[in-house]
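Chemist: this is a predicted model, with the sequence first.
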Amino acid sequence: MKAIFEPCRLKGDISAPPSKSMAHRYLIGAALSGEECMLSGVDYSQDILASIDCLKALGAEIITDGDKVTVNPEGFMKAQTPVLECRESGSTLRFFIPLALCLGKPVTLKGSERLFERPLTVYEELCREKAFTFDKGKSSVTVCGSLESGSYTVRGDISSQFITGLIFALLYLGKESSIEILPPFESRSYIDLTISALKSFGAEVSFADEYRIEIGKSGLHSYSGRIEGDYSNAAFLDAFNHIGSEVKIDNLKSDSLQGDRVYAEYFDKISKGTPTLDISDCPDLGPVLFALAAMKNGATFTGTERLKAKESDRGAAMDDELRKLGGELIIGKDEITVPKQELRYKGVTLDGHNDHRIVMAMSVILSQTGGEIDGVEAVRKSYPGFFDDIRRLGAKVELV
């Protein structure tokens, strides 16, 4: 599917979509609680649907009604031959592998080939150390083991999703455990989100110090509540404000623990100068930050190495598309520089690289230059209503 833009400015009020990161965590927390829970404000992106499918495959009953999801966990972790369909969701895959390793029987997790190109080294090493099965193919992995409570050590410079997945499993096992994190510790904010969500269900999970997480054996209880708005996707809406639009965004908690709330500070710095910004704790902001810097005075970004292991190699993908508009990125080791540049559409269709954040970032640019981008259905992964929302705000974009 293509999106064809005419130059335009956006104006109006919009609610930020529900947080995908928090929805994953609350859905899994509800299944772990052992009691029926009702969550509202759920947006059915492809990633969230993947986690719902996996919960069902493991025996939980999930009932959806509009933006409300009721989780009945009575049969959770009791399925006999579970096959977990993770689609293209890295969070889902990394969150559910440790839970699968608690069952003591083979569990297969499936997904796209690109998903299984993304690193799973932490779990592979864990399985090798404990003589568990870890059989990885092009689009699936089969694991088998009997994970036990205890003390674990995990590198802090890998995706925080590995640590969150281990927390879920150790909480399910129900005994005291701990996770030691080897510095440097990146993306701690995502672990804070995990702990915050699980405490809603009564979990005893906390940082004993900067690098040690302790997990108690307290029983969990039911929780019902609303999923907060998503700063990650709100960033793409707010980016329009820095190129002449007037968009007011609500449904964002001012005291949110989401690390991507830093986008507002970073946008201001990009709009006022040529800053150097560290994105090691907010890699999902990379594409929209690159886009805005390209339309302003440029910037340098450090902590970019992990962008290679996302839905696309995001640095290389943004460079490919900016070059079609007369721009470029200068990609170094763990650093990307966006020079000051004049962007204009030259009649070459842009490519979304099957990456929701590339599509949305380039859409911000095309709202200024005009032009078209292919593969825009990728936004279904995290923000299925993106084009509907920006059109309500006055975006001149046609989907064909």
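Modeler: On my side now, so go ahead. Numbering: from 1, shown residues only.
Chemist: settle this for me: residue 369 is touching residue 344, isn't it.
Modeler: Yes - at 5.6 Å, residue 369 counts as touching residue 344 under the criterion of Cβ atoms under 8 Å. No exception for glycine: its C-beta is placed from N, CA and C like everyone else's.
Chemist: now do the helices in this protein.
Modeler: For the chain, the helices defined by DSSP state H cover 20-33, 46-57, 90-100, 121-129, 160-173, 188-199, 231-239, 263-272, 286-295, 314-324, 356-369, 386-392.
Chemist: touching both of residue 369 and residue 344, which residues are there?
Modeler: Common contact partners of residue 369 and residue 344 (Cβ atoms under 8 Å, 6 or more residues apart in numbering): residue 325.
Chemist: look at those two and report which has more neighbours.
Modeler: With neighbours defined as other Cβ atoms under 10 Å, residue 369 and residue 344 compare such that residue 369 has more, 17 against 11.
Chemist: contacts only, for the nearest residue to that one once chain neighbours are set aside.
Modeler: Nearest residue to residue 369, sequence neighbours excluded (Cβ to Cβ, 6 or more residues apart in numbering): residue 345, at 4.5 Å. By Cβ under 8 Å, 6+ apart, residue 345 lies in contact with 325, 366, 369-371.
Chemist: re earlier: how about the helices of the chain in CSV, adding mean pLDDT and distance to residue 149?
Modeler: Supplementary listing: these in CSV, determined by pLDDT from 0 to 100; distance: least, Cβ to Cβ, whole Å:
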stretch, mean pLDDT, distance to residue 149
helix 20-33, 98, 14
helix 46-57, 98, 22
helix 90-100, 98, 12
helix 121-129, 95, 14
helix 160-173, 97, 5
helix 188-199, 97, 16
helix 231-239, 98, 33
helix 263-272, 98, 38
helix 286-295, 98, 37
helix 314-324, 98, 37
helix 356-369, 98, 37
helix 386-392, 98, 42
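Chemist: about what we covered before: of the contacts of residue 345, buried ones?
Modeler: Taking 16 or more other Cβ atoms under 10 Å as the criterion, what is buried in those is 325, 366, 369, 371.
Chemist: pipe those into JSON lines and attach distance to residue 250 per row.
Modeler: Below are these laid out as JSON lines (distance: Cβ to Cβ, whole Å):
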{"residue": "325", "distance to residue 250": "32"}
{"residue": "366", "distance to residue 250": "26"}
{"residue": "369", "distance to residue 250": "29"}
{"residue": "371", "distance to residue 250": "30"}
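Chemist: check those and tell me the two furthest apart.
Modeler: 325 and 366 (8.8 Å; Cβ to Cβ).
Chemist: list residues touching both of these two?
Modeler: Listed as contacting both residue 325 and residue 366 by Cβ under 8 Å, 6+ apart are 345, 350.
Chemist: next one: stretch 163-170 to chain centre, how far?
Modeler: The chain centroid and the centroid of stretch 163-170 are separated by 17 Å under Cα atoms, centre = their mean, to the nearest Å.
Chemist: right, I'll call it a day here.
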